[in-house]
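> Give me a model of this one.
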Amino acid sequence: MNILVTGGAGYIGSHVVLELCEKGYKVIVLDDLSLGNESSIDKRAEFILGSTHDKKLLSTIMNDIEAVIHLAAFKAAGESMKNPRKYSFNNIAGSISLIDSMLKHNTKKMIFSSTAAVYGEPLSLPIDENHPTSPINYYGFTKLKVEEILQWYSKINDLKSVSLRYFNAAGYDKQQRVSALENNPQNLIPIVMECAAGIRSNMEVFGDDYNTHDGTCLRDYIHVSDLAKAHVSALEYLEDNSHLTTNLGTGDTHSVYDVINMTKAISGKNINYKTVKRRSGDPSELYASSILAKDVLNWSATHSSLKNIIETTWSMYQNLNI
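All right, here's what the predicted structure looks like:
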């Protein structure tokens, strides 16, 4: 099967491409490299430099494509609140352009990279797929809009799709087959790693007065290799089914201090941090129910212990030439 992976040079995308190649799929990667690294793409995949907005290029590519895995999106929640036009154009309009090309060429299967940000503030825990969707940032809004478009198109145009709502993606391929670090990381674990590796001198912890075991926020971290396997499971699901929206998480949580302390233990490095006031919109706990993914996709997280996440991430940072 010929698979197009948009955003396949990015952090998650490159791991998805690796898993697809391992499973014997023929993979074509489309990426504009605004966030990705060409060196991260598995050599068995074909790389095309370009954008989901280039309809002429899409028309050329889509002729032999049987399914699309769509990961091309901007994802910084804070930036999305400052520049919503950028996120509208790339995340929503880019997705519509891609879907339009798919339908013109009778490509009827899409796996969509979505996010737990569609839920907004948790009203109950763990969050399952029946939890209300009420994004508190524009990034989450853009992902929710594409989900809704896919739901409608599954009814109107017979476009089969699976929307995968990631929680906190982390870790790296254990065999280091993805070689490049994430560009301009915004998430906790790579920031902690940059402190351990000497890239940055210190970091901030946003609040230590939450009602948790150590006062810092609790989050559900899922290893990127587990995410990659879910995409293959989703492709298989679409052989006999038409639509699914499901969480991808572990149901377990780790605090900011848990991450810092595990990194210190594994790296042997000190992490300099200072505690500052809470950020607006940061709930004390956020974690998933992934029972649906287990039941329907026969998927579960097997690589997502905090120890494995930190070990595989530190292995990428420890030999940097700073």
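> what's the residue lying closest to S300 once chain neighbours are set aside sitting at in phi/psi?
Leaving aside its sequence neighbours, S300 sits nearest to K294 (CB to CB, 6 or more residues apart in numbering; 5.3 Å). To be clear about C-beta, it is placed using only N, CA and C from the backbone, and glycine gets the same treatment. Backbone torsions of K294, given as degrees, to the nearest 10, read phi -70, psi -40.
> neighbours around K294, how many?
14 (other CB atoms under 10 Å).
> host element of F112?
Assessed by DSSP states H and E, F112 sits inside strand 109-115.
> Now the element after that strand, going C-ward?
Following strand 109-115 in sequence, per DSSP H and E, is helix 138-156.
> Specify the next element, helix or strand, located C-terminal of that following helix.
Beyond helix 138-156 toward the C-terminal end (DSSP H and E), the next one is strand 160-166.
> And for that next one, what's in contact with it?
For strand 160-166, contacts defined as CB atoms under 8 Å, 6 or more residues apart in numbering pick out 12, 108-116, 118-119, 129, 146-147, 150-151, 153-154, 222, 227, 230-231, 234, 237-238, 241-249, 288.
> Report the secondary structure state of P190.
With DSSP: H, G, I helix; E, B strand; the rest coil as the basis, P190 sits in helix.
> Let me see the contact set for the residue lying closest to it once chain neighbours are set aside.
In space, and not counting its chain neighbours, P190 is closest to E182: 5.9 Å by CB to CB, 6+ apart. The contact partners of E182, by CB under 8 Å, 6+ apart, come to G10, Y11, P190.
> So the closest residue in space to the first one that isn't next to it in sequence versus G268, what's the distance?
Using CB to CB, 6+ apart and skipping residues adjacent in sequence, the residue nearest G10 is G36, 4.2 Å away. In this structure, G36 and G268 are separated by 31 Å, where distance is defined by CB to CB, to the nearest Å.
> So which of the two has more stuff around it?
Applying other CB under 10 Å to G36 and G268 shows that G36 carries more neighbours, namely 24 against 10.
> In contact with that one: list those residues for me.
Neighbouring residues of G36 by CB under 8 Å, 6+ apart: G7, G8, A9, G10, Y11, G13, S14, N183.
> and if you look at L49?
So L49 contacts D31, D32, L33 (CB under 8 Å, 6+ apart).
> Now render the contacts of E182 as a markdown table, adding neighbour count.
Conversion of the contacts of E182 to a markdown table gives the following (neighbours: other CB atoms under 10 Å):
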| residue | neighbour count |
| --- | --- |
| G10 | 29 |
| Y11 | 25 |
| P190 | 20 |
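> right, and out of those, which lies closest to Y210?
P190 (22.1 Å; CB to CB).
> so the closest one makes contact with N183?
No - between P190 and N183 there is no contact under CB atoms under 8 Å: 10.2 Å.
> what residues are up against Q176?
Shown in contact with Q176 (CB under 8 Å, 6+ apart): S315, M316.
> For S315, see how far away it is.
Distance, Q176 to S315, by CB to CB: 6 Å.
> where are the low-confidence patches of the chain?
321-322 (pLDDT under 70).
> Specify the local secondary structure of the residue nearest to R177 when sequence neighbours are not counted.
Leaving out its chain neighbours, the residue that sits closest to R177 by CB to CB, 6+ apart is L18, at 5.8 Å. Look at L18: counting by three-state DSSP, its state is helix.
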